[in-house]
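Novice: Structure here, sequence nowhere to be found:
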Ligand code: BEZ
Ligand code: FE
């Protein structure tokens, strides 16, 4: 065979040997790694990266562009802005990791993306309390239950909820240290919960950085379908990180910029006129409001 003969990768055979030799030498460099899982991950990442470079025949300029891009992702990242998570989310890496780690189990509620706006130690509100705490938007009454996959109520489940205001801003983006649109509450002895929040609206993920530039370069929108975040924890049960989406939200058709939508998580937020009595007698001063139901089913921590 001569060097001018080609292979399916479109590189001549001698060239293929050179490329495979580089890969082999890098893989061999992990032979002294005593942690088998670390070795498996390092070998996998190298195999896939080399395969990607060889498949697309990456030019040196493109390699430099990618290095500059990742450098910019690092530079804009700080304690409150996590551009690497945005990158992972917009490339579907977050949702793929969630898919691998949250195998469907019976009727358990599906998980979705965590996002960068969760805050530890959000204030506790009593059942029926208002999580908006000054965040502006249309009030929404949200209620439901937490049960296990056999339908048994889970009392005392910790339910953390967070959402943006009607302008698509989370409190951590206000820049004044206020806590609004987030809280934690606990299910009652019947596993039931209820709270006032805001009817979710679609909003763009932060797009003033390199990830936003990438989305615009490939003709993609940064907008997320309207949603309300939940994280639910209870002893012996698998922690659930999820959202509920708003049935009828046009963004569901257009697409969610981080691929987080699952049909089972789309819920009606039924519009209520200002005159409709609220479930707890709250007066809404002529405002429209909505109500939604979310029955949460937690999988066991250990699935055999
Ligand atoms: C969010 O839902 O809060 C979110 C998720 C992924 C990226 C940015 C924001
Ligand atoms: Fe969100």
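Specialist: Perfect, thanks for sending it. Since the structure is predicted, the reported quantities are computational estimates derived from the model, not experimental observations. Ligands and ions are numbered 1, 2, ... in the order given.
Novice: all contacts plus neighbour counts: C-alpha atoms, from now on.
Specialist: OK.
Novice: In terms of helices and strands, where is residue 16?
Specialist: According to DSSP states H and E, residue 16 maps onto helix 13-28.
Novice: Just give me how far that helix sits from the chain centre.
Specialist: Distance of helix 13-28 from the chain centroid (CA atoms, centre = their mean, to the nearest Å) equals 38 Å.
Novice: Tell me the residues of the stretch 1-150 of the chain that contact ligand 1?
Specialist: Contact residues, the stretch 1-150 of the chain versus ligand 1 (CA under 6 Å from any ligand atom): 86, 89, 115, 116, 117.
Novice: Mind picking the lowest-pLDDT entry from these?
Specialist: pLDDT is lowest at residue 116 among those; the value there is 88.
Novice: That one - how many residues pack around it?
Specialist: If you count neighbours by other CA atoms under 10 Å, residue 116 ends up with 16.
Novice: show me the contacts for it.
Specialist: The neighbourhood of residue 116, defined by CA atoms under 8 Å, 6 or more residues apart in numbering, consists of 81, 82, 85, 86.
Novice: contacting residues for the second one?
Specialist: Read that as residue 82. Shown in contact with residue 82 (CA under 8 Å, 6+ apart): 76, 116.
Novice: Checking residue 45 next. Helix, strand or coil?
Specialist: helix (DSSP: H, G, I helix; E, B strand; the rest coil).
Novice: List phi and psi for the residue positioned nearest the centre of the chain.
Specialist: For the chain, residue 113 is the residue whose C-alpha lies nearest the centre (CA atoms, centre = their mean; 1.8 Å). Taking degrees, to the nearest 10, you get phi -60, psi 150 for the backbone angles of residue 113.
Novice: That one against residue 242, yeah?
Specialist: Yes. Counting by CA atoms under 8 Å, residue 242 is a contact partner of residue 113 at 6.6 Å.
Novice: Please read off the pLDDT at residue 80 from the model.
Specialist: 78.
Novice: and the closest residue in space to residue 238 that isn't next to it in sequence, how many residues sit next to it?
Specialist: Nearest residue to residue 238 in three dimensions, chain neighbours excluded: residue 301, at 4.2 Å (CA to CA, 6 or more residues apart in numbering). The number of residues packed around residue 301, counting by other CA under 10 Å, is 12.
Novice: Hmm, residue 301 is touching residue 240, no?
Specialist: No. If you go by CA under 8 Å, residue 301 and residue 240 don't touch, sitting 10.3 Å apart.
Novice: List the contacts of the residue of the stretch 151-300 of the chain found nearest ligand 1.
Specialist: Distances between the stretch 151-300 of the chain and ligand 1 by CA to the nearest ligand atom are smallest at residue 205, namely 4.6 Å. Residue 205 makes contact with 86, 222, 223, 224, 257, according to CA under 8 Å, 6+ apart.
Novice: For those residues, give me JSON lines that also has neighbour count, secondary structure and distance to residue 64.
Specialist: Shown next, in JSON lines, are the contacts of residue 205 (neighbours: other CA atoms under 10 Å; DSSP: H, G, I helix; E, B strand; the rest coil; distance: CA to CA, whole Å):
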{"residue": "86", "neighbour count": "25", "secondary structure": "helix", "distance to residue 64": "21"}
{"residue": "222", "neighbour count": "19", "secondary structure": "coil", "distance to residue 64": "25"}
{"residue": "223", "neighbour count": "19", "secondary structure": "strand", "distance to residue 64": "29"}
{"residue": "224", "neighbour count": "22", "secondary structure": "strand", "distance to residue 64": "31"}
{"residue": "257", "neighbour count": "22", "secondary structure": "coil", "distance to residue 64": "26"}
